[in-house]
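Trainee: Provided below are the primary sequence and the corresponding predicted coordinates.
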Amino acid sequence: MSHPLNADSIQQQVVAMYERHPFPAYSDKFRKTAEEMDLKMRLLGVPQSDYHGRKILDAGCGTGEFTCWYAARGNEVTAIDLSRPSLEHAKAYAARYHLDDRIDFQQQSVLHLNLPNETFDFVYCYGVLHHTPDPHRGFRELVRVCKPGGIVVVSVYNRYSRFTHRLRQKLIARWAGDDVERRCRLGKRLFPRTARRIKKRAHDASDAVLYDQFSQPHESSHTVGEVLGWMDQSGLSYIGAFGPLRLRDHLYAACLPEFREFEKTFDGYPGPRMAAALLRSVAHLAGMKATEDRAFARPGVLSRFLVQMGWFFLGLRFSCFSIAGRKPIEAD
């Protein structure tokens, strides 16, 4: 949902909305992360050794759900965000679980990181780049601060599952203009079923997630091929994705023990629930077995096309996709 504004205006409007409505506002952030992070890391091709006892950057930390998940695993975490209220929420949440001594919270933009080159072993950026005026620039900044041999994980809105929702957003924006309060009220009134599903998925009775979905001043959407192109330009090698980008990787995911916990996130989404049951059945018939470590091949054009078409039919439950790449170790 793009506006004819310059980069500074876009950034100011996005930050202003999140300062008024810090996000995410989940009542139990550990529950939210527990439902998906173990499976996500397996499918991203990231072994535990790469996110335990490491130096990690959470770029665009919001209210700290992933920041605290990483800190709880013995990592030294730097967490940045432009929204001061979001950072205050994140600090309070970290202090509640006695994790604040492992986290350095800083107010910064992902587009202009005031951090030295090659600082972090692991760089994580979830749901942030698509709210900036220049996502590719933000990606290059993430790569810059990652150490050689380190991992960069980015999650962005996918173009296909967001198609119908973008139509909703355009309709709301046409009637409510730039008033984020009116947009949220109108979104609830026009699309009550969608609003209920979004809030149920977030385990959040407040409207914070609806402001994020209905009142967003700026967002972009991206294809898998586009993000793989960013990786190629920066020299990163593909190591995995969430959701999986090949059919065989979907079948592998369905036979993992972590998949059962992840299925809880399909409450209120009958399409993904049926798809998950079908995957488990096919994986069983195919004799798929879970293995401790698995190397994921880079998806070809046909695989990407089929997966992204699947996202189109599964809708908002798969709004974001995540891709992980490893930065090369420079030769002496």
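Mentor: That came in fine, so what should we check first? None of the values given here were measured: they were computed from a predicted structure.
Trainee: centroid residue for the protein?
Mentor: In the chain, the centroid-proximal residue (CA atoms, centre = their mean) is Y126; its distance is 3.3 Å.
Trainee: so who does that one touch?
Mentor: 60, 66, 153-155, 320, 322 (CB atoms under 8 Å, 6 or more residues apart in numbering). Bear in mind the C-beta positions are built from the backbone N, C-alpha and C, glycine included.
Trainee: mind redoing it with 7 Å?
Mentor: In this structure, Y126 makes contact with 66, 155, judged by CB atoms under 7 Å, 6 or more residues apart in numbering.
Trainee: next, work out how far apart it and A275 are.
Mentor: The span separating Y126 from A275 equals 23 Å under the rule CB to CB, to the nearest Å.
Trainee: what's the answer for C320, then?
Mentor: With distances taken as CB to CB, C320 is found 17 Å from A275.
Trainee: and this protein, what are its domain boundaries?
Mentor: Dividing the chain into domains by automatic domain parsing, as the record does, gives the ranges 7-160+218-244+320-326, 247-317.
Trainee: show me which of those has the highest average neighbour count.
Mentor: For the domains of the chain, average neighbour numbers computed from mean count of other CB atoms under 10 Å are highest in domain 7-160+218-244+320-326, which has a mean of 20.
Trainee: may I have the beta-bridge partners of the residue nearest to the centre of the chain?
Mentor: For Y126, the beta-bridge partners are S155 (DSSP bridges).
Trainee: and the strands in this structure, which stretches?
Mentor: Here the chain has its strands, by DSSP state E, at 55-59, 76-81, 103-107, 120-126, 146-157, 237-242, 320-326.
Trainee: the last one pairs with which strands, parallel or anti?
Mentor: In this case it means strand 320-326. In the sheet, strand 320-326 lines up against strand 146-157 (antiparallel), strand 237-242 (antiparallel) (DSSP bridges).
Trainee: so which of those strands is nearest H222?
Mentor: If you check each of the strands paired with strand 320-326 against H222 by CB to CB, strand 146-157 wins as the nearest, at 4.7 Å.
Trainee: average pLDDT for that closest one?
Mentor: Mean per-residue pLDDT for strand 146-157: 97.
Trainee: tilt between it and strand 55-59?
Mentor: Using axes from the mean of the first three to the mean of the last three CA atoms, to 10 degrees, the direction of strand 146-157 lies 30 degrees away from that of strand 55-59.
Trainee: do I have it right that S83 meets H21?
Mentor: No: contact between S83 and H21 fails when scored by CB atoms under 7 Å: they sit 9.5 Å apart.
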